[in-house]
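Enquirer: Need coordinates for the following:
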Amino acid sequence: MDAETLQSFIPVIRYIVAALTMILTLGATTAICIIGKTAIEAIGRNPDAAGAIQINMILAIAFSEAIGIYILVVAIMILIL
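Expert: Numbers count the residues shown, from 1 in each chain. Take a look at the predicted model:
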C-alpha cells in the first residue's frame, strides 16, 4: 500500500477506536447498577443503617460515573486529535 491509501484509513481507524473506547463505558454502567442493587439489598436487610449505606453508595456511584466521563473525554480526544 502506498502512503495515500494509508492516510485514507486514518479517519476510519479513529472512529473504530473511539467506538471501542465508548464500549468501555459499559463497565462503569455495570458498576453503578451493581452498587445500587447491593445498597438496596443492604438497606432492606438493615434499615437502621440506611444513612451510612446511602452515603457510601452515592460516593461509589460518583467515582464510577467519573470513570465513565473520563472515558467519554478520551473518545472525544481521539476523534478531535
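Enquirer: what about the helices in this structure?
Expert: 3-23, 25-45, 50-80 (DSSP state H).
Enquirer: Could I get those in TSV, plus columns for mean neighbour count and mean pLDDT?
Expert: In this view, the C-beta of every residue, glycine as well, is placed from N, C-alpha and C. Shown next, in TSV, are those (neighbours: other Cβ atoms under 10 Å; pLDDT from 0 to 100):
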stretch	mean neighbour count	mean pLDDT
helix 3-23	11	91
helix 25-45	14	94
helix 50-80	14	94
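Enquirer: Leaving out the residues flanking it, which one is nearest to Met22?
Expert: Ala75 (5.1 Å; Cβ to Cβ, 6 or more residues apart in numbering).
Enquirer: contacting residues for the one you found?
Expert: Ala18, Thr21, Met22 (Cβ atoms under 8 Å, 6 or more residues apart in numbering).
Enquirer: I'd say the second one and Ile78 touch.
Expert: Going back to what we said before, that points to Thr21. Yes: applying Cβ atoms under 8 Å, one finds Thr21 in contact with Ile78, separated by 6.5 Å.
Enquirer: Need the residues that contact stretch 34-50.
Expert: Contacts of stretch 34-50 (Cβ under 8 Å, 6+ apart): Ile53, Gln54, Asn56, Met57, Ala60, Ile61, Ser64.
Enquirer: Nearest to Asp2, out of these: which one, please.
Expert: Set against Asp2, the nearest of the contacts of stretch 34-50 by Cβ to Cβ is Ser64 (45.7 Å).
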